[in-house]
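[1] Give me a model of this one.
(2 chains)
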Amino acid sequence: MNLDEIQQIFFQECEEGLGTLETAFADLKRGRQDDETINTVFRSVHSIKGGAGAFGHERLQHFSHHYETVLDLIRNGTLPLSEPLIDLIVAAFDTLADHVAAARGEGATPADQAMLDRLAAAAEGDVGTSASEPEPEAVAQPAPTSEAAAAALDDFDALFAMLEDPAPAAEPTGPAEWIVTIHPGPRAFDHGAEPMLALRELSRMGGRTLSADLSELPLLDVLDAERAYIGVTMAMPGTLDEDDIRAVFDFADPQCRLTVTRAETATAVAQPEVEAEAAVEPAVAQPMAEVIPLPVAPAEAPAAVPVAAPAPAPVVAAAPPPVIAPAPAAATSAPAVSVVEAASSPRVAAAAAQTIRVDLDKLDRLVNLVGELVITQAMLAQRLSENEMGSIPELSDLDHLTRELQDSTMAIRAQPMKTVFSRVPRIIRELEVETGKRVRLEVEGEMTEVDKTVVERIGEPLTHLIRNAVDHGLETPADRKAAGKDSEGVVTLSAAHQSGRIVITVADDGRGIDRARVKAKAIERGIIAPDAQLSEEEIDNLIFAPGFSTAAVVSNISGRGVGMDVVRKNIQALGGRIGIQSELGKGSSFSLSLPLTLAVLDGMIVTVGDQTFVIPLTHIVESLRPGIDEVHVVGGQSPLLDVRGTYVPVHRVGEQLGVTGAIAKPENAVLIVVESDQGQAVLMVDSIQDQRQVVVKSLEANYRAIHGLAGATILGDGRVALILDVDALIGRWRRDGRGPSPFIEDMAA
Amino acid sequence: MLRTETRDWSLALTALSLTSVLDTAAAVPLRQALLDLIASGDPITLDGSQVTQAGQACLQVLASAQAMAASIPTDFELNSPSEPLASMIALAGLDSLVAAA
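    This is a model prediction of the structure:
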């Protein structure tokens, strides 16, 4: 794995971290301000900071450091969590997200000075006002000089020092320091990696170098200049969490040896006998000290450290009381009881073993192979059946196993909708600023899982629906009050599994669709004839018509009349459908019904003439063989089927698609009632062969996209069957007056 | 001590001005230049004032060269380390590189 790949993992973890933060902020806003939530926020930002340092994204690291400083003050109770403070850390989160995007090369580096000033002011307890001047005391501090190891590495380190939390000073007897030893693996320089970046990050966290381990360093004539030999021992503030220290090495080379142990100082008072034991240990470590004099000099520390060391030293330096006796203090660098290390390392390893990251290409290959297996299994079944061996138990076992394997493989690709939903709060915040409306977001079912492809492609249409809900759906606070509603509008986002599909709903409690206005606008735009008789559902669906917009003023947010059309197209491309429920004055709800996966679908295999087609089961309402008196022909047009009193147009699939040899008389054929975006319709086919799951093969990838076809599949006998795109076909047939469509030319091509 | 300012390692005789970027890629030529210097038997003086970036690979080459010079023995000095170089030396715990100067 090269550095770029490791960095990609870092960016993935950034995304997850940002998602976690959004969730945590939602909790905070809901009043769940417990330690765990605040710790979660802190850790997520801290991890991003650590990785940013490791990969040299200094602006991201710089910002996250300041952000983390404020979060740490909240975490340790120095800053009480108030509503303005929550607003500030949420606003800072948006800047952090922009920094992450910039680090990925997906945008410009955000201008963050104003936010940094606000964070700096907040760190001083001033929330809500901009900090125009730095803290005078900090300015007065001279730049670090003598203890360069722990001192400034970059210009902004002085700023870091200034902002470091005052908490350690308030805790003169904090926990003992951490002693961290780092031995990069031999190949630590491979792919341009630089172990010093991790040390620099530790330094920024308040660490100071105690010694180098040169015991493995050969003389120059036999030294391999591209191999790492040196180890380093550092002291870290005892107030840090061990996991936070270890997190700095999350992206280090796998062979890096890391130990994190408590220094002896804390236990020295209580357990003098341990102290005596520990005092022996420096002698073991002495060889490295022979080469490099240890910068640790407890006797001179009280004089030098308070001025020079930015943050780390206070525990030692600002604690003149005899907690640390001069003589045993020499043991500061000695590792504490190794049980700590032994206990913690396996825990980290065990936690890391819970998940692995897999390249998506490998996963897709697996999904494809399973698809081939399903097809082969179907072929085998057919062949055995032809030889009257279709009922052998091994075949049903194979069938069962294949289906299980397929389900398990698909489950690997499943991701929670949370990854999409977590981006919505920011969109809402931005819309609030742009529109002046007040919006409360309620989210349900965010852990509902769906195929990764669906997760990736649902983002854009969902964003548009959210923007539409806020911009068009919700009223202004004044209008809401006038209508007797709460001034804060509610947008509800939910996801749930329903009948083997995922249904995502975006609802608002706004003004609802004004159907009279929609119809008038559609007539004005020439979308419908002035005398058109439309049902409520049909009027609602007009908002998906190309070029339709009811916004009096075209805004940046929505209202150009292209969005909703595109939303529907995108949803249909995912094999989904979109439905609207709306009540004037009470709000609207847009429901997206999507397949859980795009790789397989449940379909009905039908025969039309000499062709076989697959109709996706989700569209099928019922199938029947009609009596003569149930089919009526009105005015020489296509027949209508009487479905319990409702006349539904019958489409002769064979005739429409130019298939030869299809049955012409409805009473001899099978009629399949389907639900489409255009309402119900009937597809007339010759016969039904089977109903089963089919593996979807992309026409785009293997041939080219054909309007009206959702893809193809391979049947048990090895023949290719085309999968009908019911919405597209019915829509086209209706618009074309049920005449032949360009689809036929496509077929002929 | 005599110091000859040059930035080209191949031209270096007994003195060496360290190049500005001491990253991993610079470690191999740095090692060779230092070996040549040590082989000359003359005292070694390095000028670190131009260094703007230093990584562990070059730092350990310098530490190894210092140890080798001491074993001969030959004088080894690293003078005028720039702030970035001094910071990295301190961070790596290699203070003896400059302490001897």
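
[2] Domain parsing of chain A, as residue ranges.
    A:1-133, A:171-357, A:360-415, A:417-595, A:600-748 (automatic domain parsing).

[3] Of those, which is nearest residue B:51?
    Closest to residue B:51 of the domains of chain A, according to C-beta to C-beta: domain A:171-357, at 13.2 Å. Every residue, glycine included, has its C-beta placed from N, CA and C.

[4] Least confident secondary structure element in chain B?
    strand B:15-17 (a mean of 76; mean pLDDT, DSSP states H and E).

[5] Backbone dihedrals for residue A:710, both of them.
    With angles defined as degrees, to the nearest 10, residue A:710 sits at phi -90, psi -10.

[6] my guess is it meets residue A:575, correct?
    Yes - judged on C-beta atoms under 8 Å, residue A:710 makes contact with residue A:575 at a distance of 6.4 Å.

[7] does any bit of the helix or strand following the least confident helix or strand of chain B sit next to chain A?
    Once the chain leaves strand B:15-17, the next helix or strand it forms, by DSSP states H and E, is strand B:21-22. No - Strand B:21-22 does not reach chain A (C-beta under 8 Å from any C-beta of the partner chain); its nearest approach is 10.7 Å.

[8] Could you give the bridge partners of the nearest residue to residue A:414 once chain neighbours are set aside?
    Among residues not flanking residue A:414 along the chain, residue A:449 sits closest, at 4.0 Å (C-beta to C-beta, 6 or more residues apart in numbering or on different chains). Under DSSP bridges, the beta-bridge partners of residue A:449 are residue A:416.

[9] residues near residue A:449, how many?
    19 (other C-beta atoms under 10 Å in any protein chain shown).

[10] Retrieve the pLDDT associated with it.
    For residue A:449, the pLDDT comes out at 85.

[11] What distance do you get for it to residue B:79?
    63 Å (C-beta to C-beta, to the nearest Å).

[12] try residue A:472
    With C-beta to C-beta as the criterion, residue A:472 and residue B:79 are 71 Å apart.

[13] Who has more neighbours out of those two?
    More crowded of residue A:472 and residue B:79, by other C-beta under 10 Å: residue A:472, with 21 against 15.

[14] and the more buried one, which of the three is it?
    helix (DSSP: H, G, I helix; E, B strand; the rest coil).

[15] roughly how far apart are it and chain B?
    Counting by C-beta to the nearest C-beta, to the nearest Å, the gap from residue A:472 to chain B is 54 Å.

[16] what do you get for residue A:77?
    Taken as C-beta to the nearest C-beta, the span from residue A:77 to chain B is 32 Å.

[17] How about residue A:4?
    In terms of C-beta to the nearest C-beta, residue A:4 sits 16 Å off from chain B.

[18] do the same with residue A:47
    When residue A:47 is compared with chain B (using C-beta to the nearest C-beta), they lie 22 Å apart.

[19] quick one on the thing from earlier: higher neighbour count, residue A:710 and residue A:575?
    residue A:710 (25 against 22).

[20] what's the nearest residue to residue A:108 if we skip its chain neighbours?
    residue A:102 (6.2 Å).

[21] Residue A:730 versus that neighbour, what's the distance?
    46 Å.

[22] For the stretch 1-150 of chain A, which segments count as helices?
    A:3-29, A:35-54, A:58-75, A:83-103, A:113-123, A:136-140 (DSSP state H, counting those that start in this stretch).

[23] For the ones you listed, please prepare JSON lines with the additional fields distance to residue A:583.
    Shown next, in JSON lines, are these (distance: least, C-beta to C-beta, whole Å):
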{"stretch": "helix A:3-29", "distance to residue A:583": "27"}
{"stretch": "helix A:35-54", "distance to residue A:583": "36"}
{"stretch": "helix A:58-75", "distance to residue A:583": "43"}
{"stretch": "helix A:83-103", "distance to residue A:583": "33"}
{"stretch": "helix A:113-123", "distance to residue A:583": "41"}
{"stretch": "helix A:136-140", "distance to residue A:583": "59"}
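
[24] which stretch among the ones you listed comes nearest residue A:387?
    helix A:3-29 (50.3 Å).

[25] elements contacting the closest one?
    helix A:35-54, helix A:83-103, helix A:418-421, helix A:424-435 (3 or more C-beta pairs under 8 Å, 6 or more residues apart in numbering or on different chains; DSSP states H and E).

[26] In JSON lines: those, plus mean neighbour count and mean pLDDT.
    Formatted as JSON lines, the helices and strands packed on helix A:3-29 follow (neighbours: other C-beta atoms under 10 Å in any protein chain shown; pLDDT from 0 to 100):
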{"stretch": "helix A:35-54", "mean neighbour count": "22", "mean pLDDT": "83"}
{"stretch": "helix A:83-103", "mean neighbour count": "19", "mean pLDDT": "88"}
{"stretch": "helix A:418-421", "mean neighbour count": "22", "mean pLDDT": "86"}
{"stretch": "helix A:424-435", "mean neighbour count": "17", "mean pLDDT": "88"}
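
[27] With distance to residue B:57 as new columns, can those be given to me in a markdown table?
    Listed next are those as a markdown table, based on distance: least, C-beta to C-beta, whole Å:
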| stretch | distance to residue B:57 |
| --- | --- |
| helix A:35-54 | 17 |
| helix A:83-103 | 25 |
| helix A:418-421 | 39 |
| helix A:424-435 | 42 |
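
[28] With respect to residue A:671, which of the ones you listed lies nearest?
    Using C-beta to C-beta, the helices and strands packed on helix A:3-29 put helix A:418-421 closest to residue A:671, at 38.9 Å.

[29] Kindly export that closest one (C-alpha atoms) in PDB.
    Presented in PDB, the C-alpha positions along helix A:418-421 are these (Å, rounded to 0.1, in the frame of the first residue of the first chain):
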ATOM      1  CA  LYS A 418     -26.500   7.900   7.400                       C
ATOM      2  CA  THR A 419     -23.600   8.700   5.100                       C
ATOM      3  CA  VAL A 420     -26.000  10.700   2.900                       C
ATOM      4  CA  PHE A 421     -28.200  12.100   5.700                       C
END
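
[30] Return the residues of chain B in contact with chain A.
    B:23-24, B:27-28, B:30-31, B:34-35, B:38, B:54-57, B:59-61, B:63-65, B:67-68, B:71, B:84, B:86-88, B:90-96, B:99.

[31] from those residues, which would you call buried?
    B:23-24, B:27, B:30-31, B:34-35, B:38, B:54-57, B:59-61, B:63-65, B:67-68, B:84, B:86-88, B:90-96 (16 or more other C-beta atoms under 10 Å in any protein chain shown).

[32] if we can go back for a sec, right, so of the helices of the stretch 1-150 of chain A, which gets closest to residue A:234?
    helix A:35-54 (14.5 Å).

[33] now for that closest one, which elements pack on it?
    By 3+ C-beta pairs under 8 Å, 6+ apart, helix A:35-54 packs against helix A:3-29, helix A:58-75, helix A:83-103, helix A:195-204, helix A:242-247.

[34] Just send the ones you listed back as TSV, with distance to residue A:439 too.
    Below are those laid out as TSV (distance: least, C-beta to C-beta, whole Å):
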stretch	distance to residue A:439
helix A:3-29	12
helix A:58-75	25
helix A:83-103	14
helix A:195-204	38
helix A:242-247	35
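
[35] who wins for proximity to residue A:51 among those helices?
    Among the helices and strands packed on helix A:35-54, helix A:3-29 sits nearest to residue A:51 (C-beta to C-beta), with 4.2 Å.

[36] What mean pLDDT does the closest one get?
    81.

[37] I figured the residue nearest to residue A:108 hits residue A:109, correct?
    Yes - applying C-beta under 8 Å, one finds residue A:102 in contact with residue A:109, separated by 4.3 Å.
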